[in-house]
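>>> Would you be able to build a 3D model of this:
(one chain, ligands or ions: 1)
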Amino acid sequence: MSIFFKNTLLKWHDPLERDLPWKTTNDPYKIWLSEVILQQTRVDQGRPYYLKFVENYPNVKSFSEAPLSDVLRLWQGLGYYARARNMHLAAKQVIDQFNGVFPTFYNDLLKIKGVGPYTAAAISSFSINEPRAVLDGNVFRVLARFFNINVPIDTNEGKLIFFNLANECLDKSMPGKYNQAIMDFGALVCKPKNPNCMMCPLQNNCAAFFEKTISDLPVKSKKIIKKERFFLYQIVNREGSVAIQKRVERDIWQELFEFPVIEFNNQAELLKSPLIAKDCDNVISLKQTLTHQIIHGFFVFCGTKLQEDNNKGEVLWINSSELSKFAFPKIICQFLEGNYF
Ligand code: SF4
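The predicted model follows:
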């Protein structure tokens with residue numbers, strides 16, 4: 001069955017021309033950039049980010065020499081900034097430990113900061129056709145459904161089963177093409193919701209299709225419980241200058257900028273704050289959902305007076321026309337895009 005599976009996927013993918021810049025290169029540095037970006041966002045949204053990074057930093061040396069603040073600014077909007085920081089460290093590591101030559105072999109790639117088995121398999125198979133099967137969310141889903149496997153994918157047992165199956169299905173003569181095919185198939189046909197089963201070339205042999213278990217697969221054992229956090233942002237404006245601060249603590253958004261913030265344990269406490277109570281019509285509330293946290297941001301206009309805040313960073317007074325030079329988390333960008341000033 002795995003032979004039918006891989007041949008059908010390759011045939012399906014053959015005429016599929018997706019004009020994507022990272023598919024026409026075997027430069028491991030550029031493949032690495034595209035893979036890390038695509039772990040954060042969809043293909044159409046990731047494309048301009050990839051082009052910006054390649055234009056600004058055409059090779060790993062130029063990337064390693066860039067100030068971190070510039071890298072974070074280019075990354076702005078993708079979220080999970082730890083990835084951007086890790087990329088910057090990884091680029092420096094390639095310069096120091098690999099003489100500036102981005103590695104192509106799976107085992108070398110695994111030594112690089114932030115590169116796990118998935119990314120290493122993608123880079124090694126796309127750049128030099130090393131026979132390593134990729135195993136990301138798309139691949140787990142396609143395999144779980146086609147073979148109707150209900151072992152949770154986040155258990156050791158599940159990981160081993162899917163790892164072995166992914167490698168068994170891998171076309172060893174063209175691993176790069178096969179990996180690309182199964183990932184694209186998961187993104188375009190066997191989608192998480194509303195998979196396109198009626199047009200699917202695998203349908204005749206898809207076990208989940210016949211067992212009517214598609215919507216149950218893949219199975220996960222743990223449900224992530226997200227922590228809710230309540231941030232009160234003070235918008236303080238003095239003669240055209242706005243107060244911002246860098247987040248310096250080991251927490252979400254480290255090294256990014258924000259308005260001076262006070263964090264509360266819950267929404268009721270926050271709403272009792274004198275900053276809000278006196279002018280509650282003038283509060284903008286926005287929400288940002290992260291992997292493990294939900295951030296509720298309340299933006300309050302405080303005139304020219306800055307109250308206490310939780311941020312340990314130095315307060316900078318920035319002309320509002322210069323705000324675009326700083327990297328902010330998405331919730332602050334949303335506020336700025338709302339033209340509330
Ligand atoms: S028939 Fe449906 S569930 Fe099965 S592989 Fe195709 S798209 Fe996925």
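>>> Look up how far F5 lies from the residue in the stretch 1-150 of the chain that the ligand sits nearest to.
Per Cβ to the nearest ligand atom, R145 is where the stretch 1-150 of the chain lies closest to the ligand, at 4.0 Å. C-beta coordinates here come from the backbone N, C-alpha and C atoms, glycine included. According to Cβ to Cβ, to the nearest Å, R145 and F5 sit 11 Å apart.
>>> Comparing these two, which residue is more hemmed in?
Neighbour count, other Cβ atoms under 10 Å: between R145 and F5, R145 has more, with 26 against 20.
>>> And the strands in the stretch 151-300 of the chain, which stretches?
In the stretch 151-300 of the chain, the strands defined using DSSP state E, counting those that start in this stretch lie at 227-235, 237-238, 241-246, 257-258, 261-264, 283-289, 293-301.
>>> Show me the shaky parts of the stretch 151-300 of the chain.
Applying pLDDT under 70 to the stretch 151-300 of the chain flags residues 277-281.
>>> List the buried residues for stretch 299-307?
299-300, 302 (16 or more other Cβ atoms under 10 Å).
>>> Same question for stretch 168-176.
Result for stretch 168-176 [16+ other Cβ under 10 Å]: buried residues 169-171, 174-176.
>>> if we can go back for a sec, for the strands of the stretch 151-300 of the chain, which one sits closest to E337?
With Cβ to Cβ as the measure, strand 283-289 is the member of the strands of the stretch 151-300 of the chain nearest E337 (10.4 Å).
>>> Counting neighbours, which bits of the closest one end up buried?
Residues 283, 286, 288 are the ones in strand 283-289 that count as buried (16+ other Cβ under 10 Å).
>>> Show me which of those is closest to the ligand.
Q288 (31.8 Å).
>>> isn't there a helix covering Y340?
No - if the criterion is DSSP: H, G, I helix; E, B strand; the rest coil, then Y340 is coil and not within a helix.
>>> pretty sure it is touching S285, no?
No - using Cβ atoms under 8 Å, Y340 makes no contact with S285, being 11.7 Å away.
>>> got any residues that touch both of those two?
Jointly contacting Y340 and S285 under the rule Cβ atoms under 8 Å, 6 or more residues apart in numbering are F299.
>>> was I right about S64 contacting L89?
No - with contacts counted by Cβ under 8 Å, S64 stays clear of L89, the gap being 9.2 Å.
>>> For the buried residues of strand 283-289, please prepare CSV with the additional fields distance to S69.
Compiled in CSV, these are given as follows (distance: Cβ to Cβ, whole Å):
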residue, distance to S69
V283, 30
L286, 24
Q288, 21
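>>> Pipe these into JSON lines and attach distance to the ligand per row.
Formatted as JSON lines, those follow (distance: Cβ to the nearest ligand atom, whole Å):
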{"residue": "V283", "distance to the ligand": "46"}
{"residue": "L286", "distance to the ligand": "36"}
{"residue": "Q288", "distance to the ligand": "32"}
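>>> who in the chain is up against the ligand?
Applying Cβ under 6 Å from any ligand atom, one finds that the chain approaches the ligand through 145-146, 189-190, 195-197, 200, 202-203, 206, 208-209, 214.
>>> Give me the subset of the residues you listed that lies in helices.
Of the residues of the chain next to the ligand, the ones assigned to helices by DSSP state H are 145-146, 208-209.
>>> Name the nearest of those residues relative to V134.
Closest to V134, out of all of those and judged by Cβ to Cβ, is F146, at 15.9 Å.
>>> Once you drop chain neighbours, what's closest to the closest one?
Nearest non-adjacent residue to F146, counting by Cβ to Cβ, 6 or more residues apart in numbering: C206, 5.2 Å away.
>>> didn't the one you found look like it was pressed against C200?
Yes - C206 is within contact range of C200, at 6.9 Å (criterion: Cβ under 8 Å).
>>> residues in contact with stretch 107-123?
Contact partners of stretch 107-123, identified using Cβ under 8 Å, 6+ apart, comprise 28, 31-32, 35-36, 39, 83, 86-87, 89-90, 93-94, 97-98, 103-104, 106, 124, 132-136, 179.
>>> Now a PyMOL select for only the buried ones of those.
Typed into PyMOL, the next command selects the buried ones out of the contacts of stretch 107-123 (criterion: 16+ other Cβ under 10 Å):
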select buried, resi 28+31+32+35+36+39+83+86+87+90+93+94+103+104+106+124+132+133+134+135+136+179
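>>> Now for S215, how many residues are close by?
Neighbour count for S215, taken as other Cβ under 10 Å: 11.
>>> which residues sit in contact with it?
The contact partners of S215, by Cβ under 8 Å, 6+ apart, come to none.
>>> pretty sure G297 is touching Q288, no?
Yes - between G297 and Q288 a contact is recorded at 7.0 Å, counting by Cβ under 8 Å.
>>> And this protein, split by domain according to the record?
Listed by automatic domain parsing, the domain ranges of the chain are 2-216, 227-337.
>>> Deepest in the core, which of the ones you listed is it.
Of the domains of the chain, the one with the most neighbours on average (mean count of other Cβ atoms under 10 Å) is domain 2-216, at a mean of 17.
>>> Any idea how far apart the tips of that one sit?
22 Å (Cα to Cα, to the nearest Å).
>>> Repeat that for stretch 90-103.
Start-to-end span of stretch 90-103 (Cα to Cα) is 11 Å.
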